[in-house]
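1. Need a 3D model of the sequence below.
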Amino acid sequence: MNVLIRFLGAAWSLVIGAGADALQWLSKPGSKVKLVCAVLAFGCAVSGLTAWEKEQKIRDLSAQVVKVRSDWKADAARLQADVDTRDQRLAEVATALRAEAEKLEALKAESAAALQALAGKIEASEKEASTWRGRYEQRPDTCKAALELLDSACPALKGY
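-> Now for the predicted structure:
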């Protein structure tokens, strides 16, 4: 640990010493080359920092693009799954509706047959009723007298 501390101290002294030497060299009056070098060094430092900052922005934007693409793919997969589920449900509903339509057609046919049979029965009963009325109207006088006697004997059964 002690060696590491000494190493870091020496590195720090080297950096500080180099900076102090450069400042001392620049502060001595001399040629214009020193001034041009200093301006160029400053320009290089600024452009280096600018390039580093732009690279960081590019990295951040690249990470955002990757995240947006993965989010888009996840959303597309989820939406496709939703569409598939909806299509499956619609197919099930269509199958159920077809089955119900078939049942309805069968019931319509059965109902039509029942109505036709009922119409036949009604017609037969009307014929039978008209036949009975005709026979009732043509009953003999003795039958009429017996019915009148029955009506007087049993007023509760009157009209039969």
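
2. can you give me the helices for the protein?
-> 2-27, 32-137, 141-153 (DSSP state H).

3. could I get the ones you listed as TSV with mean neighbour count and mean pLDDT?
-> Backbone N, C-alpha and C define where each C-beta goes, glycine included. Output for those, formatted as TSV (neighbours: other Cβ atoms under 10 Å; pLDDT from 0 to 100):
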stretch	mean neighbour count	mean pLDDT
helix 2-27	10	81
helix 32-137	10	92
helix 141-153	11	80
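
4. surely Leu150 meets Leu157?
-> Yes. The pair Leu150 / Leu157 is scored as a contact, 6.6 Å apart, by Cβ atoms under 8 Å.

5. Find the residue at the geometric middle of this protein.
-> Taking Cα atoms, centre = their mean, the centroid of the chain lies closest to Asp82, which sits 4.9 Å from it.

6. And the residue lying farthest from the centre of the chain, how close does it get to Lys158?
-> Relative to the mean C-alpha coordinate of the chain, counting by Cα atoms, centre = their mean, the farthest residue is Thr142 (87.1 Å). In this view, Thr142 and Lys158 are 19 Å apart by Cβ to Cβ, to the nearest Å.

7. what does Gln88 give?
-> On the measure of Cβ to Cβ, Gln88 and Lys158 end up 73 Å apart.

8. and if you look at Val68?
-> 98 Å.

9. Then Ile58?
-> Ile58 is 113 Å from Lys158, by Cβ to Cβ.

10. and what of Ala41?
-> On the measure of Cβ to Cβ, Ala41 and Lys158 end up 137 Å apart.

11. swap in Ala63?
-> 106 Å.

12. same thing with Ala114?
-> 38 Å.

13. what does Gln56 give?
-> Counting by Cβ to Cβ, the gap from Gln56 to Lys158 is 115 Å.

14. same thing with Leu4?
-> 133 Å.

15. do the same with Cys37
-> Applying Cβ to Cβ to Cys37 and Lys158 gives a distance of 143 Å.

16. and what of Glu105?
-> In terms of Cβ to Cβ, Glu105 sits 52 Å off from Lys158.

17. just Ser47 next, same as before
-> Separation of Ser47 from Lys158 (Cβ to Cβ): 128 Å.
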